[in-house]
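Trainee: Can you look at this prediction? I've put the sequence above it.
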Amino acid sequence: GGLSQVRVVAAGGDFSMALRTDGTVTAWGNNDYGETTVPDGLTGVRVIEAGCSHSIALLENGRVVAWGDNSCGETDVPEGLEEVIAVSAGGWFSLALKANGEVVAWGNNDWGQASVPHGLTNVTMIAAGDEHSLALKSDGTVVGWGLNFYCQ
């Protein structure tokens with residue numbers, strides 16, 4: 001029993017995912033919003049991320065696939081989004097980092113968490129919290145935006 005041939009795992013609100021060494025995804029747990037219903041034929045996955053009730057896969061070709069809860073547009077991957085090198089799933093929003101250091105965000109923006117600061121460039125890493133976002137720049141500085149109720 002159990003899973004084998006697993007390269008990466010991700011934990012969402014009430015569900016879990018595993019990226020297998022063959023580039024396929026397995027998911028289990030709560031499926032109220034389709035968050036564990038992996039799209040048929042999804043292969044060539046390099047990275048997985050789990051939000052509150054949505055899932056994101058970054059493919060080897062730099063494209064992004066998302067599924068699950070879309071009540072706030074968190075699975076509406078922007079048309080033409082390519083050359084992505086990293087993704088991060090927030091509570092009800094999503095982030096992507098492009099090869100040119102640009103950050104793209106979509107989904108819930110109640111607290112500005114999906115409003116990428118104007119002029120943000122040279123990003124090397126991204127992280128999405130429940131209602132805030134972080135970007136690490138190549139010079140070692142960190143930029144944050146979104147809900148700041150707890151000084152996060």
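Mentor: That came through fine.
Trainee: got the phi/psi numbers for the closest residue to residue 72 other than its chain neighbours?
Mentor: Using CB to CB, 6 or more residues apart in numbering and skipping the chain neighbours, the partner closest in space to residue 72 is residue 108 (3.7 Å). Placement of C-beta: from N, CA and C, glycine included. Reported as degrees, to the nearest 10, the phi and psi values for residue 108 are phi -60, psi 130.
Trainee: What is the neighbour count of residue 108?
Mentor: 22 (other CB atoms under 10 Å).
Trainee: Tell me which helix or strand residue 48 sits in.
Mentor: strand 45-50 (DSSP states H and E).
Trainee: Next secondary structure element downstream of that strand?
Mentor: Counting by DSSP H and E, what follows strand 45-50 is strand 54-59.
Trainee: what about the helix or strand just after that following strand, distance to the chain center?
Mentor: Of the helices and strands lying after strand 54-59 in sequence (DSSP H and E), the nearest is strand 64-68. The chain centroid and the centroid of strand 64-68 are separated by 9 Å under CA atoms, centre = their mean, to the nearest Å.
Trainee: Parallel or antiparallel, list what pairs with strand 64-68.
Mentor: strand 54-59 (antiparallel) (DSSP bridges).
Trainee: Before I go, just wanted to say thanks for your time.
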